[in-house]
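> Below are the sequence and a predicted model for it; my questions follow.
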Amino acid sequence: MGVGALSRRRGRGCRGAAPPDKLTRMKPATPESDSPPPLPLWLRAASALPWGVAYALAGAAAWFTRAVLRVRVRVARENLEGCFPDWLREHVDETLARHYRALSEVLVEFIKQARMSAAELNERVRFPDAGPVRAALAAGRPVMILTAHCGNWEWALQRLRLEFGVPVIGAYKPPRSGAADRAMMALRSRFGVRMVGAKRLLRELTRLRRQAHIAAFVADQVPTTSPNREWLTFLGRPTAFFPGPAEIARIGSYEVYYVAIRRTARGRYEVHFQPVAAAGEALEPLEFTRRYAARVEAQVRAVPADWMWVHRRWKLEPPVADGPDPDDLP
């Protein structure tokens, strides 16, 4: 999931939704009811590894990537030290080690998704407070889901489709490698999720405007492709955010939730739905983004090692005249 170049675009609204009885007649998503792209042979082979072996390899890969190859260690360290300047070096080192281990485990879990049944995924990812989202969809209202690169966002995306049985559109930026894109699409669409690039996203959401559906975004990346950026103080630092989700939520009258993904044990997660905006709520885009950023920051501060510290999140400099006010803490 991602927002990519979405913020450059404008589109017609996604007003209206399907009658509630149409939603109740929808069949739950199953692997058999959808037709995902074929899985590459190497992915099928890798996904056949037992869980214990896969996690052992993840641990070894995490250590090798961090301690030997030093992949983005400098970026991750600078990000952590910039956000937590009062941390001792030992605490930063410990968080880095746990962070690389968490990322490796999420990668292994994503690969294992190729052979997981819907029942296993449902058992591993719990939705303890999904009632408000279910009620909104049953009433025919579209729902926007915002999340961050915390926990296993890939599994959470699949669970949305399995839990609610409505069309789920995941916004994403295709990777440059065609082979990588095909492999990721095969995994992400296995349970019926549709991944849509930014250039086609508004058109696809407009097509669904007359029925209940979910639009899902991971919107915590640096908005390098967007000429329009919203600046906030996030984790104590001037930080740019995409305005795209706020614009789409307003145009489509989406009910908006932030999904906080919490790791409860290895390979097991709880997903909590936290309201961001009511359907039709008149919010300024900056206030919408401020609410989202506050949700992300609370989750990052609670479990720092689970966030994507290897991402070059602060490579943009705020405009001198339009930088964040110190009082703009989310």
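Perfect, thanks for sending it.
> give me the low-pLDDT residue ranges for the stretch 1-150 of the chain?
Scanning the stretch 1-150 of the chain for pLDDT under 70 picks out the ranges 1-36.
> On the three-state scheme, residue 240 is what?
strand (DSSP: H, G, I helix; E, B strand; the rest coil).
> which ones are touching the closest residue in space to it that isn't next to it in sequence?
Among residues not flanking residue 240 along the chain, residue 229 sits closest, at 4.2 Å (CB to CB, 6 or more residues apart in numbering). The way it works is simple: take the backbone N, C-alpha and C, and place the C-beta from them, glycine included. Residue 229 is in contact with 7, 223, 240-243, 316, counting by CB atoms under 8 Å, 6 or more residues apart in numbering.
> what do you get if the cut-off is 10 Å, keeping everything else the same?
7, 222-223, 239-243, 289, 316, 318-319, 322 (CB atoms under 10 Å, 6 or more residues apart in numbering).
> And for residue 37?
181-190.
> pretty sure residue 92 contacts residue 77?
Yes - counting by CB atoms under 10 Å, residue 92 touches residue 77, with 6.3 Å between them.
> thinking again about what came up before, among the contacts of residue 37, name the ones in strands.
Counting by DSSP state E, no part of these is found in strands.
> quick revisit: top of the contacts of residue 229 by number of neighbours, please.
The most crowded member of those, judged by other CB atoms under 10 Å, is residue 241 (29 neighbours).
> Run through the bridge partners of it.
residue 230 (DSSP bridges).
> same question, residue 169
residue 194, residue 215.
> Also residue 237?
residue 234.
> Report the contact partners of the residue at minimal distance from the centre of the chain.
By CA atoms, centre = their mean, the chain has its centre lying nearest to residue 218, at 3.2 Å. Going by CB under 10 Å, 6+ apart, residue 218 touches 1-3, 145-150, 153-154, 156-157, 170-172, 259, 308.
> Inside strands: which ones of the residues you listed?
Per DSSP E, these map to strands at 145-147, 170-172, 259.
> Look up phi and psi at residue 192.
Residue 192 adopts backbone torsions of phi 110, psi 0, taken as degrees, to the nearest 10.
> hang on, it packs against residue 165?
Yes - Residue 192 lies in contact with residue 165 (CB under 10 Å); the separation is 8.9 Å.
> Could you pull out the helices in the stretch 51-200 of the chain for me?
Counting by DSSP state H, counting those that start in this stretch, the stretch 51-200 of the chain has helices at residues 51-63, 73-83, 89-112, 118-124, 131-138, 153-164, 178-188, 198-207.
> Would you convert these into CSV that also reports distance to residue 296 and mean neighbour count?
Output for the helices of the stretch 51-200 of the chain, formatted as CSV (distance: least, CB to CB, whole Å; neighbours: other CB atoms under 10 Å):
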stretch, distance to residue 296, mean neighbour count
helix 51-63, 23, 15
helix 73-83, 12, 17
helix 89-112, 16, 18
helix 118-124, 23, 15
helix 131-138, 19, 17
helix 153-164, 12, 24
helix 178-188, 22, 16
helix 198-207, 20, 18
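> Many thanks, I have nothing further to ask.
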